[in-house]
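*Asks:* Got a predicted structure here, sequence first:
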Amino acid sequence: MTTRVQAILISIVLLASTLWMAGCGHYACSAGFGDTTCGSGSTGTGTGTGTGTGTGTGTGSGTPSAFAYAVDQNGKMDGFDFSSGGGSIGAISSYTAPTIATNTGGVGTVVAQGKYLYAVIQDTEQIFGFQIDSDGSLTALSGSPVSITGLTGIANTAYNQQVVITNPAGTLLFIDEFASEQIFVYQIGSTGALTAAPGSPFSTLGQTLEPQNMAMDGLGKYLYVAEDSGDHSGAFVAGYSVSSTGVLTAIPNSFTWGNIPIWQFQGEPSGKYMIGISAKTASYYGSDDDNIYVYAINSSSGALSPVAGSPFATKYAPFNIEVQPTSTNGEYVYSFGINDAGSAFNPIEGFQLNTSSGALTELSSSPFSSLTVQTAWAQFDPSGAYLFYYAGSAPSVSLGVLSVSTSGGLTSVGSTAALTTPGYWAVSDVP
């Protein structure tokens, strides 16, 4: 792997040290921080420097409409706000970053119930939990941090992973670990307190699954888990039904559903379809898969079957996707990727999902070649109106915002805000 490719991939996530996949039979390589031609973020200021301050180039004016929180490897949770009126993202005013464990970027950060933030730190086997206040400040939850014995085998690879997720209602937290082949499940109470679900952690040995990326359907009935891979490619998926208390029950023979080649899945609000990618890209896997796959969910069993016309062709190989979390009578799906040489990020592509048939249709404005945004990782805010994106090249990384129009068009909003260090992050609307 070239230094240039390594630098791009590391900018997508998180690590500031050696990539680690011990004990899983995969490769191991050292993270590189060489120069890259694609790590400048949006045109203009806001990408920061290697040390960064986490304050960006300025805060938006007006009342914040969303907050973003990022794991700081120095042992803090950094906070940012975005005002749709002011049109910029920047440090939350008068924000005091709460202390967490010194870390290597964490392994996942999520928001639940619109008001609770959780950051999972593998280095110390802990979950840090906070309440998000209306001004963006964070208050540590009672009992935080929660210790997780044995949380040592999450694959710290140089790309985004969905190894920490919640159900759509925000009442359950899932963490998977490939080394011991198990999934931890926690109930999230009305106060944000975490309680281990009955039977947690759940073994995936019966499905011969080393779990990695997870996703739920839009109704929170089924959990789908992809097989671990060291070359960023999908092999097969196992499925589980999920009870209201978080108990997982394997869907019989789910991993034999035609060997579904999915690396990353996302559900959509209606709960009828799962949308995924194999994520095979020439710069990492050796060849491209220029497709997005859509599967219909059997509402009774959770079994998956491809919809008519799937897979749907993309112009560029998807490295990550993001699905709009709110229904618009056909929600939007966006694809992000890296070119075959590993020297630049591809333009973002956009599609609309037909919620009657599951078909994807590329938007007339896609690919968004006129955008100067350089990213392969983005997250919607819960309202579905904005895409927050992670830009730059480690160690100089930043967050920016794209506005999503009612027709699916994307517009870059304001400048980006520099992060102090690479780290997992999550977006919340104002509670």
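*Replies:* Cool, the structure landed.
*Asks:* Residues in a beta bridge with Phe345, which ones?
*Replies:* Ile338 (DSSP bridges).
*Asks:* what's the neighbour count on it?
*Replies:* 22 (other CB atoms under 10 Å). Bear in mind the C-beta positions are built from the backbone N, C-alpha and C, glycine included.
*Asks:* Kindly provide the distance from it to Ser244.
*Replies:* The gap separating Phe345 from Ser244 is 41 Å, by CB to CB, to the nearest Å.
*Asks:* okay, and for the stretch 201-350 of the chain, where does confidence drop off?
*Replies:* Applying pLDDT under 70 to the stretch 201-350 of the chain flags the ranges 255-256, 258, 329.
*Asks:* just so I have it, where are all the strands in it?
*Replies:* Applying DSSP state E, counting those that start in this stretch to the stretch 201-350 of the chain gives strands spanning 202-203, 211-216, 222-227, 237-242, 248-250, 264-267, 273-277, 291-297, 304-306, 312-313, 320-323, 332-336, 349-353.
*Asks:* okay, those in JSON lines with distance to Gln161 and mean neighbour count next?
*Replies:* As requested, the strands of the stretch 201-350 of the chain are arranged in JSON lines below (distance: least, CB to CB, whole Å; neighbours: other CB atoms under 10 Å):
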{"stretch": "strand 202-203", "distance to Gln161": "19", "mean neighbour count": "18"}
{"stretch": "strand 211-216", "distance to Gln161": "6", "mean neighbour count": "24"}
{"stretch": "strand 222-227", "distance to Gln161": "9", "mean neighbour count": "27"}
{"stretch": "strand 237-242", "distance to Gln161": "15", "mean neighbour count": "23"}
{"stretch": "strand 248-250", "distance to Gln161": "19", "mean neighbour count": "18"}
{"stretch": "strand 264-267", "distance to Gln161": "9", "mean neighbour count": "26"}
{"stretch": "strand 273-277", "distance to Gln161": "14", "mean neighbour count": "28"}
{"stretch": "strand 291-297", "distance to Gln161": "18", "mean neighbour count": "22"}
{"stretch": "strand 304-306", "distance to Gln161": "21", "mean neighbour count": "18"}
{"stretch": "strand 312-313", "distance to Gln161": "24", "mean neighbour count": "15"}
{"stretch": "strand 320-323", "distance to Gln161": "10", "mean neighbour count": "22"}
{"stretch": "strand 332-336", "distance to Gln161": "15", "mean neighbour count": "25"}
{"stretch": "strand 349-353", "distance to Gln161": "22", "mean neighbour count": "23"}
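*Asks:* will you turn these into TSV that also has distance to Asp72?
*Replies:* Output for the strands of the stretch 201-350 of the chain, formatted as TSV (distance: least, CB to CB, whole Å):
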stretch	distance to Asp72
strand 202-203	32
strand 211-216	24
strand 222-227	29
strand 237-242	32
strand 248-250	33
strand 264-267	26
strand 273-277	30
strand 291-297	34
strand 304-306	38
strand 312-313	38
strand 320-323	22
strand 332-336	24
strand 349-353	32
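*Asks:* of all those, which lies closest to Ser134?
*Replies:* Checking the strands of the stretch 201-350 of the chain against Ser134 by CB to CB gives strand 320-323 as the closest, at 26.2 Å.
*Asks:* what's around Thr149, how many residues?
*Replies:* Neighbours of Thr149 (other CB under 10 Å): 8.
*Asks:* Excluding chain neighbours, what is closest to it?
*Replies:* In space, and not counting its chain neighbours, Thr149 is closest to Glu125: 6.7 Å by CB to CB, 6 or more residues apart in numbering.
*Asks:* residues contacting that neighbour?
*Replies:* Applying CB atoms under 8 Å, 6 or more residues apart in numbering, we find Glu125 in contact with Ser147, Ile148, Thr149, Gly150, Leu151, Thr152.
*Asks:* With Trp257 as the reference, name the closest of the strands of the stretch 201-350 of the chain.
*Replies:* Trp257 lies closest to strand 304-306 among the strands of the stretch 201-350 of the chain, at 5.4 Å (CB to CB).
*Asks:* which helices and strands sit right next to that closest one?
*Replies:* Helices and strands touching strand 304-306, as assessed by 3 or more CB pairs under 8 Å, 6 or more residues apart in numbering; DSSP states H and E, comprise strand 291-297.
*Asks:* Partner strands of the strand it packs on, with direction?
*Replies:* Partner strands and pairing direction for strand 291-297 (DSSP bridges) are strand 273-277 (antiparallel), strand 304-306 (antiparallel), strand 312-313 (antiparallel).
*Asks:* Quick one: residues in contact with it.
*Replies:* 217, 222, 260-262, 271-278, 303-307, 310-314, 318, 321, 333, 335, 351, 353, 358-360.
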